[in-house]
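# the sequence isn't on hand, but the structure is:
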Ligand SMILES: Nc1ncnc2c1ncn2[C@@H]1O[C@H](COP(=O)(O)OP(=O)(O)OP(=O)(O)O)[C@@H](O)[C@H]1O
Ligand SMILES: [Mg+2]
C-alpha cells in the first residue's frame, strides 16, 4: 500500500449555521477530495436543539467522518476518540479496498470469517500508528461559544498529546470562524504541536454570524493550497483519496 | 467505531434468556445477566450447556477483532494468565438489527471489581493485590505490551485466596506506539505527568492511581496542578502516606520496571507491618523477637545507671569521710 497522508477537518461548534452554503454540501465536497470531516457539537447544559444535532450528523455523514455531541466537560476524551476512530475508519476503508483487489469482489471486514478479521485489523492498527496525519481544526467562535473556548483549548492540547504519541507524523492547523476579513481566519499554520495555542485564544472575539458552510469551503481550499505548494517544492507527499462509495 | 445510540441501548438491554446463535459455528449461548458495559460493547454472563461463559457483543467489528487479537496473543504467554481466555468468535443474526452483530466468547471470571473488594475487605488488601498486579504487568511488559486502560473496573478480584486478574484488553498496545484506549483519571497525560506513549511507566502511573483511588474515600477530580493535588491526597490519607515514596516515584514515571515498583512496595509494606506490630506489641514472630531484644537492652542500661549511681554515692561517701 502506498504511504500517504490522512487529511481531516475537525469542526467544533455548538449550534446551527445561519449564513452561506449548506455545510453538508461543503463536507461532501471535502470528501470528494479525500478529506474527512469530523464534527463535535458542544453542549452547555440540557439538550442541543434538534436542528443543531441534525446538522452536525449531516455534516459528518456527508464528510465521511464521525460526529459526537458532548458536554463541555467530556470534550477532551471525545476529541481524541473521534479523531482516532475516524482515522481507523478511513484506513479500514482503504484496507477494505485493498481486500477487494485481492478477492476480486466486494469484501469488507464483516464478510470475513471472525477468525480472519484479526489479520486485517493488524494491518489497520499498524497503518494507524505510522501514517502521517494532517488535521485542520475549525472552531466556531460565534457568540454562544465564548464560555466554551477554554475547554476547547484544553481538548486540543490533549489531542496533540494523543496524536504525538504515535510513531507517524502529525500536523495541525487552526482556523476560527467567523473571521475578521474572510469567513474563516487562520490562527495557526501547519505545526506538529498545538501548545502554541495558548497564545492565540485570548484574542478571540465573538460575532453574530455562523458561516459554517463557507468556513468549510475555505478550509478545503487551504488544504489544496498547501498541496499545490508542496508539489512545486517536489515533496511527493500524496494524500490518500478515499472513494465515496466506501 | 463507537456504537450508535439506539443499537447500543438495544444491545445493553437484552432480556435474560435471550439465545445468541453464531452464524459461522452454529453454537448457542443463553444470556443469564449483564456483567457490564462500556465504550466498546457490553458483556453478558451466559451459558452453553452447563458451562458458564462471558460473551462480549458490540456493533464495532474492528475493535472486537483487535481485542481478540490481543487475547490470542496473551493465550500464548506461558505461565501467567494475562487476561480471560478466548473461547470462540462468531456473528449473531439478531432479530432487531438488519446486520449481524459480532461477538466473542471468553472465560467467565467470577469475582468483584478491585475497588469494591477493597471497600469490603479493607485497605490492607490494596498493597497485596497491587503486588500481584505488578507481577502480571511485569510479565506483560516483558512480552512487549502495555496494558493501557488500567483502572479498578478492568481489574477483577477472584477466588480464594483472592487473586487479581486483568479484564478488557481494549487498551493493550505494543510498546512504543500510542496507547490505544485510556480513562482520564488513570492517564498520566491527563494529569500533565507524561506522554501517551506505550511504555511500562505508563501502566505504573495508572497502577499508582488505582491504589490511590481505591483507598481514598471520595471521588478524585483534577483541579489545577495535578501533581501537587495527587501528593496532597496521599499525604492526607493515613494509609496511603505509608506508601508515599513508592507512589510518588510511580507518578513521576521514575520506575522503569514493574518488578522494581513491586520490590519497593513490598519493602514499604513490611517496614510498615513491623512498625505497626511494635506499637501494638502483637507477637508476630520476627518483630516479636526484635521487641524482646530491645527490652533486654533497656535492662542493661538500667543496670549500668543504677551501678553508676551507687558507685557515685559510694565515692561521695568516701570523699566525705576523708574530708572530715
Ligand atoms: N471475562 C469476564 N468475566 C467477568 N466479568 C467480565 C468479563 N469481561 C468483562 N466483564 C465485566 O464487564 C465489564 C465491561 O467489560 P469491558 O470492560 O470489556 O467492556 P468495554 O465496553 O470495553 O468497557 P470499557 O472500555 O469502558 O472499560 C467489565 O468491567 C467487567 O465488570
Ligand atoms: Mg474497553
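All right, it came through fine. Values in this document were obtained by computation on a predicted structure and should not be read as measured data. Ligands and ions are numbered 1, 2, ... in the order given.

# got a list of contacts for stretch B:143-150?
B:70, B:73, B:77, B:82, B:137, B:140, B:166, B:168-175, B:179-183, B:186, B:198-200, B:202-203, B:206-207, B:210 (C-beta atoms under 8 Å, 6 or more residues apart in numbering or on different chains). For every residue, glycine as well, the C-beta is placed using N, CA and C.

# helix/strand/coil for residue B:56?
strand (DSSP: H, G, I helix; E, B strand; the rest coil).

# what of residue B:59?
coil.

# quick check: it vs chain A, distance?
According to C-beta to the nearest C-beta, to the nearest Å, residue B:59 and chain A sit 10 Å apart.

# hang on, that residue packs against residue B:9?
No. Using C-beta atoms under 8 Å, residue B:59 makes no contact with residue B:9, being 11.4 Å away.

# so where's the chain uncertain?
Picked chain A for this. Low-confidence segments of chain A, defined by pLDDT under 70, span residues A:1-3, A:46-47, A:101-106, A:196-207, A:226-246.

# that answer is for a different chain, and I need it for chain B
In chain B, residues with pLDDT under 70: B:1-6, B:274-324.

# which stretches of the stretch 51-200 of chain B form helices?
For the stretch 51-200 of chain B, applying DSSP state H, counting those that start in this stretch gives helices covering B:61-75, B:114-121, B:125-142, B:200-215.

# return the nearest residue of chain A with respect to ligand 2.
Across chain A, no residue is closer to ligand 2 than residue A:81, which sits at 11.8 Å (C-beta to the ion).

# what does the stretch 101-250 of chain B put close to ligand 1?
B:106-109, B:153-154, B:167-168, B:170 (C-beta under 6 Å from any ligand atom).

# and which of the residues you listed is nearest chain A?
Of all those, residue B:170 has the smallest distance to chain A: 12.0 Å, by C-beta to the nearest C-beta.

# my read is that the closest one contacts residue B:181, right?
Yes. If you go by C-beta under 8 Å, residue B:170 and residue B:181 touch, sitting 4.9 Å apart.

# thinking again about what came up before, so residue B:59 and residue B:9 - more neighbours on which side?
residue B:59 (21 against 10; other C-beta atoms under 10 Å in any protein chain shown).

# and the more buried one, how far from residue B:10?
To residue B:10, residue B:59 is 9 Å away according to C-beta to C-beta, to the nearest Å.

# ok, now which ones touch residue A:117?
When contacts are counted by C-beta under 8 Å, 6+ apart, residue A:117 touches A:109, B:61, B:64-65, B:68.

# which helix in chain A has the most residues?
Ranked by number of residues, the top helix in chain A under DSSP state H is helix A:75-103.

# all strands of chain A, in order?
A:5-13, A:35-43, A:64-71, A:132-140, A:170-177, A:185-191 (DSSP state E).

# and the fifth one, what does it pack onto?
Counting contacts by 3 or more C-beta pairs under 8 Å, 6 or more residues apart in numbering or on different chains; DSSP states H and E, the secondary-structure elements packed against strand A:170-177 are strand A:132-140, helix A:149-163, strand A:185-191, helix A:212-233.

# TSV for the ones you listed, including distance to ligand 2?
Formatted as TSV, the helices and strands packed on strand A:170-177 follow (distance: least, C-beta to the ion, whole Å):
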stretch	distance to ligand 2
strand A:132-140	23
helix A:149-163	16
strand A:185-191	32
helix A:212-233	33
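
# out of those, nearest to residue B:193?
Comparison of those against residue B:193 by C-beta to C-beta identifies helix A:149-163 as nearest, at 11.3 Å.

# what's the closest one packed up against?
helix A:75-103, strand A:132-140, strand A:170-177, helix A:197-200.

# which residues belonging to that helix are considered buried?
A:149, A:151-153, A:155-163 (16 or more other C-beta atoms under 10 Å in any protein chain shown).

# now do the contacts for residue 151.
Going with chain A. Counting by C-beta under 8 Å, 6+ apart, residue A:151 has contacts A:42, A:72-73, A:75.

# oops, I was thinking of chain B
Per C-beta under 8 Å, 6+ apart, neighbours of residue B:151: B:183, B:185-186, B:206, B:209-210.

# which one of those residues is nearest to chain A?
Within the contacts of residue B:151, distances to chain A taken as C-beta to the nearest C-beta reach their minimum at residue B:183, with 8.4 Å.

# next up, the contacts around that closest one.
Residue B:183 neighbours (C-beta under 8 Å, 6+ apart): B:149, B:151.

# residue A:164 is in contact with residue A:193, correct?
Yes. Using C-beta under 8 Å, residue A:193 is in contact with residue A:164, at 6.7 Å.

# those two - which one has more neighbours?
residue A:164 (19 against 14).

# tell me the phi and psi of the more buried one?
phi -80, psi -10 (degrees, to the nearest 10).

# now it, nearest residue through space, not along the chain?
Distances taken as C-beta to C-beta, 6 or more residues apart in numbering or on different chains put residue A:170 closest to residue A:164, at 6.1 Å, once the chain neighbours are dropped.

# any idea what that neighbour is bridged to?
Judged by DSSP bridges, the bridge partners of residue A:170 are residue A:133.

# kindly report the same for residue B:19.
residue B:30.

# could you check how far it is from ligand 1?
For residue B:19, the distance to ligand 1 equals 20 Å [C-beta to the nearest ligand atom, to the nearest Å].

# now the strands for the stretch 101-250 of chain B?
Ranges of strands in the stretch 101-250 of chain B, per DSSP state E, counting those that start in this stretch, are B:101-107, B:112-113, B:145-146, B:155-158, B:163-166, B:173-174.

# domain map for chain B?
B:5-107, B:112-275 (automatic domain parsing).

# with adjacent residues omitted, what lies nearest to the residue of chain B found nearest ligand 1?
Of all residues in chain B, residue B:38 sits closest to ligand 1, at 1.8 Å by C-beta to the nearest ligand atom. Nearest non-adjacent residue to residue B:38, counting by C-beta to C-beta, 6+ apart: residue B:168, 7.1 Å away.
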